[in-house]
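S.K.: Just to be clear, the model below is a prediction. Sequence and coordinates:
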Amino acid sequence: MLIVIEGLLSVDNALAIAAMANHLPEKQKYLALKLGIIGAYLFRGICMFFAAWIIENPWLKICGAAYLVYLMSEHFTGAGDEDNDGNKDSPNQRGLWATVIGIELMDLSLSVDNVVAAVAIDPRLWVVCTGVFIGILALRFVAGACIKLLEKFPILADTAFVLIGYVGGILVFELLSDPTTSFQVFEGPVHVGPARKFVGIVLILGISILYAKVPAVQVALKPLFKALHVPMKIIAMTVGLILKVIFLPFTLIMSLFKSKAVAETTPPPAM
């Protein structure tokens, strides 16, 4: 059962990776896709090894949930940083390596949720390992197809980010119902299993297709999107600022290397 569910849920991860890489040129797109799949394998392996520690430290789930909700919020509000020319650094304008880093962080966040959910279904290590890695194997074959699906059905690019936020929202809900944490709001603990998650994924995909095809659905959902815009903007700006501070040393190092490379390739001024 776990193996089947893990395989089905891989569609969510594959679609998310494909959507985040979809703006890149063809060769870079498939390179980002390949690196994203490698990252998914790597992070799930690490998370399985540290599964008990992850379960005992809910702050990891908080970080994962925050990043997933941030990805969705940033995509729909365009609350990226501005570059030196005043242009927005939105997900659709990022270069190859910035995109790869974003995909890997998403893989890590999804891996935390994936492994914790697998352990909750069956605590036997060999069952968890088999289910998780077969799920990633399924992701390997589904991801390429998702690129083609995005080309045929552009609405799925937005759908992928809704699915990312959906998983993040589930993590938040589970944390708010966990009596072992200091921020319990709902009576719990409540765990949303993979089967229920998959039902939610199917519903989101179905509503997305209707939204793209039926104008009445677009009109009906417009007030909801308008109401969510402000909170998503706040989330995108807040988490984005935190990430900017965390990655500031790396950004400065990359800027130095870039400046040095430009200086070396710029010819001296004519006398």
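M.R.: Thanks, I have the structure now.
S.K.: can you tell me the helix or strand for Asp178?
M.R.: In this structure, Asp178 sits in neither a helix nor a strand according to DSSP states H and E.
S.K.: Give me the neighbour count for it.
M.R.: By other Cβ atoms under 10 Å, 19 other residues sit near Asp178. Any C-beta I mention is one placed from the backbone N, CA and C, and that applies to glycine too.
S.K.: mind checking the backbone torsions on it?
M.R.: According to degrees, to the nearest 10, the main-chain angles of Asp178 amount to phi -90, psi 110.
S.K.: Could you double-check that it sits in contact with Pro58?
M.R.: Yes. Between Asp178 and Pro58 there is a contact under Cβ atoms under 8 Å: 6.3 Å.
S.K.: Val185 and Phe50: what is the separation?
M.R.: To Phe50, Val185 is 27 Å away according to Cβ to Cβ, to the nearest Å.
S.K.: More neighbours: which of those two?
M.R.: Neighbour totals were compared for Val185 and Phe50, and Phe50 leads with 15 against 11 (other Cβ under 10 Å).
S.K.: give me every residue that touches the residue nearest the centre of the chain.
M.R.: Of all residues in the chain, the one closest to the mean position by Cα atoms, centre = their mean is Met106, 3.7 Å from it. Counting by Cβ atoms under 8 Å, 6 or more residues apart in numbering, Met106 touches Ala16, Ile17, Met20, Tyr67, Leu68, Leu71, Ile164.
S.K.: could you redo the last one with a cut-off of 10 Å?
M.R.: Shown in contact with Met106 (Cβ atoms under 10 Å, 6 or more residues apart in numbering): 13, 16-17, 20, 36, 39-40, 43, 64, 67-68, 70-71, 164, 167-168.
S.K.: what's the most distant pair in those?
M.R.: Farthest apart among the contacts of Met106 by Cβ to Cβ are Ala40 and Tyr70. That separation is 19.1 Å.
S.K.: Count the neighbours of the closest residue to Gln218 other than its chain neighbours for me.
M.R.: Counting by Cβ to Cβ, 6 or more residues apart in numbering, Gln218 lies nearest to Tyr211, which is 5.9 Å off, once chain neighbours are set aside. Residues lying near Tyr211 (other Cβ under 10 Å) number 17.
S.K.: What of Phe161?
M.R.: Counted with other Cβ under 10 Å, Phe161 comes out at 21.
S.K.: list the buried ones in the helix or strand encompassing it?
M.R.: Per DSSP H and E: Phe161 is located in helix 155-176. Neighbour counts over helix 155-176 (16 or more other Cβ atoms under 10 Å) mark 156-175 as buried.
S.K.: Which other helices and strands does it contact?
M.R.: Applying 3 or more Cβ pairs under 10 Å, 6 or more residues apart in numbering; DSSP states H and E, one finds that helix 155-176 contacts helix 2-21, helix 58-77, helix 96-121, helix 125-152, helix 194-213, helix 215-246.
S.K.: before we move on, the earlier item: please identify which of the contacts of Met106 is nearest to Pro215.
M.R.: Nearest to Pro215 among the contacts of Met106, with distances taken as Cβ to Cβ, is Ile164, at 26.2 Å.
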